[in-house]
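> Sequence isn't available, so here's the structure alone:
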């Protein structure tokens, strides 16, 4: 109820202060000049609005005083006492822990049989790009060199012209090629392909 009265009061005050900019301004379409309304109409509207605002303020004050006397007195007097925290005796000491595996691990060994990997007679290469110009190929070679890997630029001619390939190799195992490819992915070189060495 109080919120409704306050919002009505705010609206009335806003109407009073914004009235000169409101609907009463007549605009001539031919020359766009504004003509003020008649002074008698302005005075009566201002007085009407002022009376409404004063009545709203008085109603708000009456409402606030009327709810002041209706407070429930029993709400504050019936508070329950909070339970008291009882301090207990101190906790017992934590026993020292001893672990057996700390003493037994240094003398314990596990033997695992690992089969020898068969060496392949294949050699692998890693092709990281193929460019039309040598300068682009040299730029890719420099990026690879910053990773601590060595690359070569090979010129090849085919049915669609001359290309400059950036390759790494020969690599002994496919695992070496995968390792190099993975390290180049970290620096956003993702175009590398693993091929067999046939040069």
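Right, received. Where do you want to start? As the structure is a prediction and not an experimental result, all values here were calculated from the model.
> contacts, neighbours, all on C-alpha from now
Fine.
> All the strands of the chain, residue numbers only.
Secondary structure of the chain (DSSP state E): strands located at 26-27, 34-35, 124-131, 152-158, 161-171, 193-196.
> just checking, what packs against the fourth one?
So the one you mean is strand 152-158. Strand 152-158 makes packing contacts with helix 134-145, strand 161-171 when contacts are defined by 3 or more CA pairs under 8 Å, 6 or more residues apart in numbering; DSSP states H and E.
> now the longest one: mean pLDDT?
Averaged over helix 134-145, pLDDT sits at 92.
> what's the answer for stretch 165-174, then?
88.
> Outside of it itself, list whatever touches it.
120, 122-131, 137, 140-141, 150-156, 177, 194, 197 (CA atoms under 8 Å, 6 or more residues apart in numbering).
> try stretch 140-159
Applying CA under 8 Å, 6+ apart, the set of residues contacting stretch 140-159 is 129, 137-138, 162-169, 180, 183-184.
> can you do 6 Å?
162, 163, 164, 165, 166, 167, 168 (CA atoms under 6 Å, 6 or more residues apart in numbering).
> could you flag which of these are buried?
By neighbour count, with 16 or more other CA atoms under 10 Å, the contacts of stretch 140-159 hold 163, 164, 165, 166, 167, 168 as buried.
> Mind checking the helices and strands packed on strand 152-158 for the one nearest to residue 112?
strand 161-171 (28.5 Å; CA to CA).
> can I get the helices and strands packed on strand 152-158 in a markdown table with distance to residue 63?
Shown next, in a markdown table, are those (distance: least, CA to CA, whole Å):
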| stretch | distance to residue 63 |
| --- | --- |
| helix 134-145 | 80 |
| strand 161-171 | 88 |
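> re earlier: quick check: which of the strands of the chain is nearest to residue 70?
Residue 70 lies closest to strand 26-27 among the strands of the chain, at 51.6 Å (CA to CA).
> Identify each buried residue in the top helix by length along the chain, please.
Among the elements of the chain assigned as helix by DSSP state H, the one spanning the most residues is helix 39-68. Buried residues in helix 39-68, counted by 16+ other CA under 10 Å: 53, 56, 57, 60.
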